[in-house]
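K.L.:
Requesting a structural model of the entry that follows:
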Amino acid sequence: MPNPDLHEESHLKVLRILEANPDINQRELAAAVGVSLGKLNFCLKALMERGFVKAQNFRNNQNKLSYYYLLTPRGVAAKAEITARFLRRKLAEYEALKSEIDSLKAEVADMPANAKARIN
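P.N.:
The predicted structure is shown next:
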């Protein structure tokens, strides 16, 4: 079963990049997000179906495959919500990791000197 947090993280990456670079092409966007072109297409389609992104043809462009990807007002609001959730999740992960590091440091400090020497 896919991890919904990773799915949401991919959506956030796409929304952030599109907001800064609306004329980016799909190959460049896939590379920037770190996913395959197929996964990017799936992600873009989902964002468009939810009304977060709309694709608009470049005007007067001979290449009919060129688009601007624009965040809709709904997409801007969704990006803010997803960013807030992502930040809360990452802060919780940071606190859990910090706690684990502190516990490991205490455990190492309590070890006899000969055991510490083997660790280093």
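
K.L.:
going forward, measure contacts between C-alpha atoms and count neighbours the same way
P.N.:
Will do.

K.L.:
where does this protein dip in pLDDT?
P.N.:
For the chain, the stretches flagged by pLDDT under 70 are 1-6, 58-65, 116-117, 119-120.

K.L.:
At which residues are the helices of it located?
P.N.:
For the chain, the helices defined by DSSP state H occupy 4-20, 26-33, 37-49, 73-109, 113-119.

K.L.:
Pull the contacting residues for E100.
P.N.:
E100 sits next to no residue when contact means C-alpha atoms under 8 Å, 6 or more residues apart in numbering.

K.L.:
rerun that using 10 Å as the cut-off
P.N.:
Under the criterion of C-alpha atoms under 10 Å, 6 or more residues apart in numbering, the contact list for E100 reads 94, 106.

K.L.:
Use 21 as the first number from now on
P.N.:
Shifting the count to begin at 21 puts that one at E120.

K.L.:
what residues are up against V96?
P.N.:
With contact set as C-alpha under 10 Å, 6+ apart, V96 has these partners: 35-36, 39, 72-73, 90, 102.

K.L.:
wait, doesn't S86 sit right on R47?
P.N.:
No - using C-alpha atoms under 10 Å, S86 is not in contact with R47; the gap is 11.7 Å.

K.L.:
about what we covered before: and the helices of the chain: which comes nearest N77?
P.N.:
Closest approach to N77 among the helices of the chain is made by helix 46-53 (13.5 Å; C-alpha to C-alpha).

K.L.:
Show me how far the closest one is from its chain's centre.
P.N.:
13 Å (C-alpha atoms, centre = their mean, to the nearest Å).
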